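Colleague: Take this sequence and fold it.
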Amino acid sequence: MDIVETLRGIVGPSHVLTGDDAAPFARDWTGQYEGAPLCAVRPGSTEEVAAVVKTAAAAGVPVVPVGGNTGLMGGTHAPGRIAVSLERMNRIREIRDGARIAIAEAGVVLSQLHEAAEARGLVFPLTFGAKGSARIGGVLGTNAGGSNVLRYGSTRALCLGLEVVMPDGQVLNGMTELVKDNSGYDLRDLFIGAEGTLGIVTAAVLRLHPKPLAYATAMVATPSVGAALELLNRLQGATGGAVEAFEYMPRSYWAGWSARHPDARAPFVQSYDHTVMVEVGATAPRDAEPGPDGTVPIQAYLEDVLGEMIEAGAALDAVVARSGAQRREMWARREVAGELSLGLGPFVLTDVSVPLDRVETFLDESYARLETDDPDVRHLVVSHLGDGNLHLTVWPSDGDAGHDRVMEIVEGVVAELGGSFSAEHGIGLGKKSAMARRKDQVALEVMGKIKAALDPQGIMNPGKVLP
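Modeller: Below is the predicted model:
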């Protein structure tokens, strides 16, 4: 308890939580990872984070950084360790319209940054269902993706610079605001996606983009995944890459959705095997300003394309949002995806990516192999189809006993198709076995050397990421 008293002297007694007060940090959002931390510390500045880490290093006590605690892979599991919550470091230090950048601390909630940027006519385009709880430090730690990667890239593409507290308590000032900075190793990219195993991100310089002047959003039913990708390619070519989201939700998704929301309105009158939600964002006034009849050009264009594809048999049905309320309804159906896996028994959540032209093969092969292995298996999939990222959730009939078997089946298909077993959720604890099975061994050796060089005591989020 001596170290707890020392930490109270650094951040104040009310910001060091123990026992029942630290219960929110003893369990992750999924409920799969539980373990009480030694204490939870809530520093209010970079200097306090540095002092906390120095104290932990001197005592040899491990440190686990915590953002919104909405991760899915156990990356914030901290039994007997110091959980360092960045929730008090929640200031947007600056937004500069001309440079289109925001300087934000790691505890800023993603939706908070969305609102601040929108007030300036800009967007921070990273978005996903947990945007109301996820924090900037967490999305950087996992290199989060979400629904708009297709147009804007993942978190790594949206970050220019970082401030990081190193494992010995030194502060790395990498808060560059430059698009081009070729002065040696790119340390920024080293920390993004490292899940706090190399240091604690305390602030970042983030890229903003012009807010689209108008959106065209639709639900589309297609005869196949291939036909959906044909629609995507057609829209991308005609709009100059203005497709912001292209989300795949097949029949299995809607079965899970309707079970959770039996009174909600379904996207179509009838049920289809393959549906996508597509959104195009128009930044040019010529595409966004309503004509004399009130028609918004980008919406009219989307309707024309969908009409032509329905006539050609490349699409089966379509509903275009006519109002902001209808657009929000379409997004709400997609953003509850995380909830559909909970409460239905032990499940295996995968987060894979494959080349676009192999998505359909991945689904066909995965379904076939899973059902051959376990005829009573259940599964549900949702996908950021535009970037080849699929979230296949599987419920083995033998519960937790089938976890590793399911993972290896899915990983095997992914490997054969030249894909990755981890697209946007990070590694944490949940994918360490996959790292051992599937990651290039030389790459693992290099990662181990980097970890040992930067964190020789092994106190930064130990036991995560590296097998």
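Colleague: I'd guessed Ala117 sits against Ile101; true?
Modeller: No. The pair Ala117 and Ile101 does not pass the contact test of C-beta atoms under 8 Å, sitting 10.2 Å apart. The C-beta positions use only the backbone N, C-alpha and C, and glycine is treated the same way.
Colleague: Now the common contact residues for those two.
Modeller: By C-beta atoms under 8 Å, 6 or more residues apart in numbering, Ala117 and Ile101 have these common neighbours: 95, 208.
Colleague: What backbone torsions are found at Ala116?
Modeller: phi -70, psi -40 (degrees, to the nearest 10).
Colleague: For it, which residues are in contact?
Modeller: 92, 95, 102.
Colleague: how about the residues you listed in CSV, adding pLDDT?
Modeller: What follows is the contacts of Ala116, written out as CSV (pLDDT from 0 to 100):
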residue, pLDDT
Ile92, 98
Ile95, 97
Ala102, 98
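Colleague: Which members of the residues you listed are positioned in strands?
Modeller: Per DSSP state E, strands hold the following members of the contacts of Ala116: 92, 95, 102.
Colleague: measure the first one to Ala214 for me?
Modeller: What that stands for is Ile92. Distance, Ile92 to Ala214, by C-beta to C-beta, to the nearest Å: 27 Å.
Colleague: just Ile10 next, same as before
Modeller: 50 Å.
Colleague: Likewise for Glu303?
Modeller: Counting by C-beta to C-beta, the gap from Glu303 to Ala214 is 13 Å.
Colleague: can I assume Ala50 sits in a helix?
Modeller: Yes. The assignment for Ala50 is a helix, going by DSSP: H, G, I helix; E, B strand; the rest coil.
Colleague: Quick check: it touching Pro167?
Modeller: No. Counting by C-beta under 8 Å, Pro167 is not a contact partner of Ala50; they are 10.9 Å apart.
Colleague: more crowded one of the two?
Modeller: Between Ala50 and Pro167, Pro167 has the larger neighbour count (other C-beta atoms under 10 Å), namely 24 against 20.
Colleague: give me every residue that touches that one.
Modeller: By C-beta under 8 Å, 6+ apart, the contact set of Pro167 is 53, 57, 198-199, 454-457, 459-460.
Colleague: Which residue ranges of the stretch 101-250 of the chain form strands?
Modeller: Using DSSP state E, counting those that start in this stretch, the strands of the stretch 101-250 of the chain run over 101-105, 122-123, 159-165, 171-174, 200-207, 209-210, 214-222, 243-248.
Colleague: what about Ala337, how many residues close to it?
Modeller: With other C-beta under 10 Å as criterion, Ala337 counts 21.
Colleague: Specify the local secondary structure of the spatially closest residue to it that is not a sequence neighbour.
Modeller: Leaving aside its sequence neighbours, Ala337 sits nearest to Val382 (C-beta to C-beta, 6 or more residues apart in numbering; 4.7 Å). Per three-state DSSP, the secondary structure class of Val382 is strand.
Colleague: Val382 and Ala453, how far apart?
Modeller: Distance from Val382 to Ala453, counting by C-beta to C-beta: 39 Å.
Colleague: and what of Arg328?
Modeller: For Arg328, the distance to Ala453 (C-beta to C-beta) stands at 48 Å.
Colleague: Surely Met89 is in contact with Pro43?
Modeller: Yes. If you go by C-beta under 8 Å, Met89 and Pro43 touch, sitting 7.0 Å apart.
Colleague: what is in contact with these two at once?
Modeller: In contact with both Met89 and Pro43: Val49, using C-beta under 8 Å, 6+ apart.
Colleague: Please identify which of these two sits among more neighbours.
Modeller: Pro43 (28 against 23).
Colleague: any idea which helix or strand carries the more buried one?
Modeller: Assessed by DSSP states H and E, Pro43 sits outside every helix and strand.
Colleague: ok, for it, nearest residue in space, not its chain neighbours?
Modeller: Val49 (4.6 Å).
Colleague: Run through the residues that contact the one you found.
Modeller: 43, 84, 86, 89, 165, 200, 202.
Colleague: Could I get the pLDDT score of it?
Modeller: Val49 carries a pLDDT value of 98.
Colleague: rewinding a little: list just the nearest of the contacts of Pro167 to Gly386.
Modeller: Nearest to Gly386 out of the contacts of Pro167 is Leu198 (C-beta to C-beta; 30.7 Å).
Colleague: Apart from its neighbours in sequence, what residue is nearest the closest one?
Modeller: Closest to Leu198 by C-beta to C-beta, 6+ apart is Leu454, at 5.1 Å.
Colleague: Quick check: the one you found touching Met166?
Modeller: Yes. The pair Leu454 / Met166 is scored as a contact, 6.9 Å apart, by C-beta under 8 Å.
Colleague: overlap in contacts of those two?
Modeller: Shared contacts of Leu454 and Met166, counting by C-beta under 8 Å, 6+ apart, come down to Gly199.
Colleague: care to break the chain down by domain?
Modeller: 2-87, 92-210, 214-335, 345-452 (automatic domain parsing).
Colleague: Quote the end-to-end distance of the last one.
Modeller: Counting by C-alpha to C-alpha, to the nearest Å, the length from the leading to the trailing residue of domain 345-452 is 39 Å.
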